[in-house]
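Peer 1: after the sequence you'll find the predicted model.
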There are 2 protein chains.
Amino acid sequence: MDQISLSVDEFPKSWYNILPDLPKPLPPPKNPEDAPSRLESFPILKTALRQELSDQRWIPIPDELRELYLQAGRPRPLHRASRLERYLGTPARLYYKREDLSPTGSHKVNTALAQLYYAREEGFERVTTETGAGQWGSALSYASALMGLQCKVFFVRFAYDWKPDRTTLMKLYGADVHPSPSDHTECGRALLKEDPQHGGTLGTAISEAVEAASGREDTVYCLGSVLNHILIHQSVIGLETRKQFEMVDDWPDLMIGCLGGGSNFGGFMLPFVKDSLDGKRNTRFLAAQTEASANLVHGEYRYDYADHAENTPLIKGYTLGHKKGMPKVYAEGLRYHIAAPIMSLLRDEGVLDAVSYPLDERTVFQAGRTFMQTEGFLPAPESSYAIAAAIDEALRCKKTGEEKTIAFNISGHGFLDLFAYRKVLMGK
Amino acid sequence: MDQISLSVDEFPKSWYNILPDLPKPLPPPKNPEDAPSRLESFPILKTALRQELSDQRWIPIPDELRELYLQAGRPRPLHRASRLERYLGTPARLYYKREDLSPTGSHKVNTALAQLYYAREEGFERVTTETGAGQWGSALSYASALMGLQCKVFFVRFAYDWKPDRTTLMKLYGADVHPSPSDHTECGRALLKEDPQHGGTLGTAISEAVEAASGREDTVYCLGSVLNHILIHQSVIGLETRKQFEMVDDWPDLMIGCLGGGSNFGGFMLPFVKDSLDGKRNTRFLAAQTEASANLVHGEYRYDYADHAENTPLIKGYTLGHKKGMPKVYAEGLRYHIAAPIMSLLRDEGVLDAVSYPLDERTVFQAGRTFMQTEGFLPAPESSYAIAAAIDEALRCKKTGEEKTIAFNISGHGFLDLFAYRKVLMGK
């Protein structure tokens, strides 16, 4: 049976927090030395901040939130990719996790629901955020609709222009959506003054979203990736996957995920890391990146801002520099200058490997298409990076004859990215 | 728990065929009196023809095909719509079935996989078909990719022009896609000669697809709705739903589905009909239609062609006439002149009721949006008709205080129909 499903009773009751299990203490966020404090004034959820620094390994999921996860269709299946294996003629066993089945089409819903639940608990009426590919903005709009809060989204301008359907989706959920840089914030206006055609980056959009929440008591800023509490919320992916591998009496030798900030891959792999660190298992981990922003491949491991305008605290991670211009790619969800502190530490410790794919995305999109024609599901462009890396590894196994177990995460579906497949594979 | 899930072991081992359980024998397809025979030369699957006339109540699903259903993610959850109930303030209990979770986004995959399985078994190398909304063409393209056959799709021209992403999806699976009327067939050329701007209808596209398969030994024509064998394949929806209602110890008083030809609603409701006919249960059935083609509301119950060019046998059903011009609506999947013979007989016997919604689709789209903002899932425009009817009924229960159990089918998702929501609800 290729579909490995869990019953609703098997959905985890707690999130997993890797902080106490890391090989070294995680360098904490800090204030810039020559600028006003960020840590005190950063308009983030109190619960998120508490989880960010928590040394508790297991963090209970509140009952009502657990119901919302189930309502959103969790647990999600793990699939054995038998058809892809046969097509490739590989002795490797391939498995993929289906986060594409989420209501808005990506894993982002896992933290959006949690953040909106806490936002309501903490008495906020409004949330602000940025979005690059549009997946995070959609997820937060969805969660806001379900929890009855207002949502304002700053959408990286060039992706906004590419993706009118993403904007419609967010607006149908009731969100306010602005292309970023916008004239709604000081930093947006400054960027537009420099360049009225500014295409925006995730870094500029974060700056605007933070500014729009700052100093407003009813408003809180929600981030979609990078920070620890987000990786904690995403751990439901990997916790389910562990149970699913136990069910079929197999275990991944290699886990693969695409990585921009690190939330889908973190959620998928982190619950497997301790077993490798303890020597109980030999699982290896591989991040698939775009050359446009291969922070784990070309970055330096140091403190940097999470945004363009230096509104955030400094975090320690593999970074390309927060002012770095990055070429446009269709996998916009992977285009970010700094990797999550946790993922960066694991990279620095040699636990996590990384590979990057060229700016011309043909190979990656073709891998997505091969997956689609064999397994049947249309992956998001971002997820196609994980697929490309899995196929590369499976073909390596074909040469060596190795019967490796490879697991990869389908972070989202591509129904709103068909224009990108059309451009890259059909040239129009 | 609002999500009612089945394990893969609970997926049915046989399809249900209602023919032996109908209150009267179903009038068979017949040849036109004054034209050449259609029945012998109609380029359809032998297995489909056998199933079409079968008096076997249970038809075993071949093992390999059953695996493909599981691979496509079946069984699919039934959800209690608690959040929508609270929003409406209704004492009714609402449930919806999630066919939107299919690989190509609609229930059509249930018969596409079956037809392609048999096409390969019967030695065909190529299939042809028509598509209106694009849901059926996508499903057949997907199934063709999985079974290694070629697929040629005639896509109703005005929907083809609206929906470049649908065409891309089909092409990514490897299908040939032509706007219909096309210059690839005699009947297509004739229609274009009459009117070079001909927008097409499902009826004209069927004519082309039948012609493209006729007289070619390696090619077979596959239809996506209306015929008995298709309703048999779709019965997996209702068979799962029965088990899910048993699990929660509830039973529908009213089942609702949108209806153009009748395949999603037939698949959903037919496994429940015998209990009502036998007096064991009091379940009623309601079809939600568009005024553009409300065949069950305004049609006559008589023999008619299934296509525009009179290439098909005559079937008996509620019809608006096979030459009838029908206004364009965004719920293109409901725009067809004749209802399935089985659904029509049940309508004629008073088992099935029907309601139609106006050409201005605002009410229906607004119902879809209400569903989306409460339950979180973006429905296809077609599915929003079922939602609108369910909401109307739930509000009726609010007035009367009736604690009715209402079940409706979400036949597909709306990720490829956001332009339609934008036009209808946002006016651009």
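Peer 2: Ah, there it is.

Peer 1: mean confidence (pLDDT) on stretch A:404-415, please.
Peer 2: Averaged over stretch A:404-415, pLDDT sits at 98.

Peer 1: near chain B, anything from that stretch?
Peer 2: Yes. Stretch A:404-415 lies within reach of chain B by CB under 8 Å from any CB of the partner chain, at A:413, A:415. All C-beta atoms are positioned from the backbone trio N, CA, C, and that covers glycine.

Peer 1: also stretch A:324-335?
Peer 2: No. Stretch A:324-335 stays clear of chain B (CB under 8 Å from any CB), getting no nearer than 13.2 Å.

Peer 1: off-centre distance for that stretch?
Peer 2: 14 Å (CA atoms, centre = their mean, to the nearest Å).

Peer 1: show residues contacting it.
Peer 2: Contacts of stretch A:324-335 with the rest of the structure, by CB atoms under 8 Å, 6 or more residues apart in numbering or on different chains, involve A:132-136, A:156, A:158-159, A:199, A:201-202, A:258-260, A:289-290, A:292-293, A:320, A:337, A:359, A:361, A:364-365, A:380-382, A:384-385, A:411-412, A:417, A:420, A:423-424.

Peer 1: residue A:428 contacts residue A:420, correct?
Peer 2: No. Residue A:428 is beyond contact range of residue A:420, at 11.8 Å (criterion: CB atoms under 8 Å).

Peer 1: the more surrounded of these two?
Peer 2: residue A:420 (24 against 8; other CB atoms under 10 Å in any protein chain shown).

Peer 1: the more buried one and chain B, how far apart?
Peer 2: Separation of residue A:420 from chain B (CB to the nearest CB, to the nearest Å): 10 Å.

Peer 1: could you look up the SS state of the residue nearest to that residue when sequence neighbours are not counted?
Peer 2: Residue nearest to residue A:420 in three dimensions, not counting chain neighbours: residue A:330, with 3.7 Å by CB to CB, 6 or more residues apart in numbering or on different chains. Of the three states, residue A:330 takes coil under DSSP: H, G, I helix; E, B strand; the rest coil.

Peer 1: cool, residue A:23 as well?
Peer 2: Judged by three-state DSSP, the three-state class of residue A:23 is coil.

Peer 1: now residue A:144: which helix or strand?
Peer 2: Taking DSSP states H and E as the criterion, the element that holds residue A:144 is helix A:135-147.

Peer 1: returning to that earlier point: what number of residues are in the vicinity of the residue nearest to residue A:420?
Peer 2: When neighbours are defined as other CB under 10 Å, residue A:330 has 25 of them.

Peer 1: give me phi/psi at it?
Peer 2: In terms of degrees, to the nearest 10, the main-chain angles of residue A:330 are phi -70, psi -30.

Peer 1: repeat for the one 10 residues further on
Peer 2: For residue A:340, the backbone dihedrals are phi -50, psi 140 (criterion: degrees, to the nearest 10).

Peer 1: look up how far residue B:163 lies from it.
Peer 2: Going from residue A:340 to residue B:163 by CB to CB, to the nearest Å gives 38 Å.

Peer 1: between the two, who's got more neighbours?
Peer 2: Higher neighbour count among residue A:340 and residue B:163: residue A:340, with 28 against 22, using other CB under 10 Å.

Peer 1: need the contact list for residue A:163.
Peer 2: Each residue near residue A:163 by CB under 8 Å, 6+ apart is listed here: A:134, A:416, A:419.

Peer 1: can you pick the most crowded of these?
Peer 2: Neighbour max across the contacts of residue A:163 (other CB under 10 Å) = residue A:134, 30 neighbours.

Peer 1: quick one, grab the pLDDT at the nearest residue to that one once chain neighbours are set aside.
Peer 2: Taking CB to CB, 6+ apart, and ignoring the residues beside it in sequence, residue A:134 has residue A:166 as its nearest neighbour in space, at 3.3 Å. We have a pLDDT of 96 for residue A:166.
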